[in-house]
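> Take a look and give me a structure for this.
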Amino acid sequence: MPVPTRRWLGLVCLTTALLIIGLDTTVLTIALPTLATAVGASTSELQWITNAFTLPFAALLLPSTALGTRGRKRLLMAGLALFAAGSAVALSADSPGGLIATRALMGAGAAATVPHALSLAPSLASPADRERAAALASAGFALGLPLGPVVGGWLLATFGWHAIFVGNVVVTFAALIGVALAVPEPRRRRVEPVDAVGTVLVLTGTTALVYAVTEATTRGWSHPVTLPVFLTGAVLLSAMVIRLIRTRSPLADAALWRHARFTWAICTLSFITLLLLALLFMIPQYLQQVQGYDAWATGLRLMPMMAGLTLGAVAGNRLATVGDAKWALVLGMLMWTFGLLWIGQLSQGRSYPLVAGALATTGLALGVTLPTALKALTGSLPPEKAVTAHALADACRQIAAALGIAVMGGVLNTTYRRELREDAPAALADGVVDKARQSIAGAAEAAAGLPAREGEDLVTLAQHAFVTGMTTTARIGASLTALLALLLMVGMPTMRRGTSRAS
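Sure, this is the predicted structure:
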């Protein structure tokens, strides 16, 4: 096989690996109602099934990048093997705890895979094609995020939820063989030390914060565990920031934050990821449990977001070229505000055209803001800092994803439980109410054991409570996006004409 052909095959394998990891970040969102009944998961446990992937992914990205100086291809292959192993073990999981553990294993594999797949991709192309190769690899991961629920819906409806993990094993194993055969190990760079203390601080601190916020929705902040764990997380992350500034071999160069455009771009990217994961946590449950669609129909009904994403990416690129990334981001965040306010007006009725319009608007906003923020991030730093900057950006995005599901999911869960508690008929047994309060899928399961009229009333109450929680969460998100648009307008510097970099 000619060398150029073999290298392009390697690039395809790298892009496929990134695509499957992007898919897995969101693919289970479509299966949450099914998992709630299949393994008996409550709403907070559903949040953990999702966050168990993103937390180790976020915490291990930076140390994984540093370890790459000891052999990027070897670490990439180890990451793919770990991801495949986690997916294989998930096939036998029959409890929320089992799924959470296997998802954490997969997240660790993803952290070892993503930075090295992204850094190896340009080396497989000729100098003239390196930028295109890097863009292709990045697009693989980015495309996987919104595609996850669509693919997951089809697999779930056709084969069942285990098929999601079977697909992971097959595709990842194929990518692993392709990488072994077609991707050369690049020449070693200077070996960088790994900050083990910093790694432990960021992992334990982020986990503690997310745990406290997630559990506060069911236990309350007055519980003897919740607030101390939250404060512990805050202290650990503060220690991480101090170490980042003072240590000689930090996980990331603290000087990166002195570039104002980089700082604003990474904050915007993180917030966009937070919004996207929160939406993909709520909307599939709304379409299935409130509007009554099955998993495959739900996946198809998320397609307006994909269409909006495609159009938004074209429009955002044009806006950033004609004007400046700053103003494209401001416009994109205002579009996010409008889309979230639209979601905040949805009801229990089968009004899919309204849902489609809201999804198309948020997809358009995502398309404008995501690539624009990435371009602003890469355009604000010297080329030699690009790898570290991307690793830092990816870590912040995954932490934001975990926090987004914890905070926004927490608002949804708290509102749902409160509404159901206040409106539940006094005649219902405590056990029925407790099961209904665990999740909207639990309410449907509890209603199946009641007389027809009482069951219908309970389902209606649960649907109303869920919609109230979802619309409240969306309105809070809209307020935050409007605030970010204002902060970007005031604080983010424009790119000075005649220079390629700006601080």
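> Might you report the residue contacts of Ile30?
By CB atoms under 8 Å, 6 or more residues apart in numbering, the contact list for Ile30 reads Gly148, Pro149, Gly152, Gly153, Leu156, Pro284, Ala295, Thr298, Gly299. (Glycine included, C-beta is placed from N, CA and C.)
> need the next SSE after the helix or strand bottoming out on mean pLDDT in the chain, C-terminal direction.
For the chain, counting by mean pLDDT, DSSP states H and E, helix 430-438 ranks last in confidence among helices and strands (a mean of 68). Downstream of helix 430-438, the first helix or strand assigned by DSSP states H and E is helix 440-447.
> tell me what that next one is packed against?
On a contact count with 3 or more CB pairs under 8 Å, 6 or more residues apart in numbering; DSSP states H and E, helix 440-447 meets helix 32-38, helix 430-438, helix 452-491.
> Do you have the helices of the stretch 151-300 of the chain handy? List them.
For the stretch 151-300 of the chain, applying DSSP state H, counting those that start in this stretch gives helices covering 162-182, 196-219, 226-246, 260-285, 295-300.
> The shortest one: which residues count as buried?
So that's helix 295-300. Using 16 or more other CB atoms under 10 Å as the test for burial, helix 295-300 gives Ala295, Trp296, Thr298, Gly299, Leu300.
> residues in contact with the second one?
For Trp296, the contact set (CB under 8 Å, 6+ apart) comprises Gly153, Trp154, Leu156, Ala157, Thr158.
> Do I have it right that Pro115 meets Leu67?
No. The pair Pro115 / Leu67 is not scored as a contact, 9.6 Å apart, by CB atoms under 8 Å.
> And those two? Which one has more around it.
Shown here are Pro115 and Leu67; by other CB atoms under 10 Å, Pro115 has more neighbours (27 against 21).
> re the thing from before, got the helices of the stretch 151-300 of the chain as CSV, with mean pLDDT and distance to Ala41 columns?
Shown next, in CSV, are the helices of the stretch 151-300 of the chain (pLDDT from 0 to 100; distance: least, CB to CB, whole Å):
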stretch, mean pLDDT, distance to Ala41
helix 162-182, 90, 15
helix 196-219, 80, 13
helix 226-246, 86, 20
helix 260-285, 86, 12
helix 295-300, 86, 16
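> out of the ones you listed, nearest to Leu319?
Leu319 sits nearest to helix 260-285 of all the helices of the stretch 151-300 of the chain, at 14.6 Å, using CB to CB.
> That closest one packs against which elements?
The helices and strands touching helix 260-285, judged by 3+ CB pairs under 8 Å, 6+ apart, are helix 3-26, helix 32-38, helix 43-67, helix 130-158, helix 325-343, helix 352-378, helix 386-423, helix 452-491.
> angle of it against helix 352-378?
160 degrees (axes from the mean of the first three to the mean of the last three CA atoms, to 10 degrees).
> Quick check: buried residues in helix 260-285?
By neighbour count on 16+ other CB under 10 Å, the buried set for helix 260-285 is 261-285.
> Any idea how far it is from the middle of the chain?
What separates the centre of helix 260-285 from the centre of its chain is 8 Å, taken as CA atoms, centre = their mean, to the nearest Å.
> ok, now stretch 257-264?
Distance, stretch centre to chain centre, for stretch 257-264: 22 Å (CA atoms, centre = their mean).
> Tabulate the CA atom coordinates of it in CSV.
C-alpha atoms of stretch 257-264 as CSV (Å, rounded to 0.1, in the frame of the first residue of the first chain):
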residue,chain,number,x,y,z
TRP,A,257,-5.0,32.9,30.7
ARG,A,258,-3.2,36.2,30.1
HIS,A,259,-4.4,36.1,26.5
ALA,A,260,-7.8,37.8,26.8
ARG,A,261,-9.2,36.4,23.6
PHE,A,262,-8.2,32.9,24.6
THR,A,263,-9.8,33.3,28.0
TRP,A,264,-13.1,34.6,26.6
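> give me the low-pLDDT residue ranges for the stretch 51-200 of the chain?
In the predicted model, the stretch 51-200 of the chain carries pLDDT under 70 at residues 69, 131, 187-193.
> ah, wrong one, I meant the stretch 351-500 of the chain
Residue ranges of the stretch 351-500 of the chain with pLDDT under 70: 378-388, 422-434, 495-500.
> and if we set it to 80?
Residue ranges of the stretch 351-500 of the chain with pLDDT under 80: 351, 374-395, 398-399, 401-406, 420-455, 495-500.
> got the domain boundaries for this protein?
Split into domains by automatic domain parsing, the chain comes to 1-193, 195-248, 256-503.
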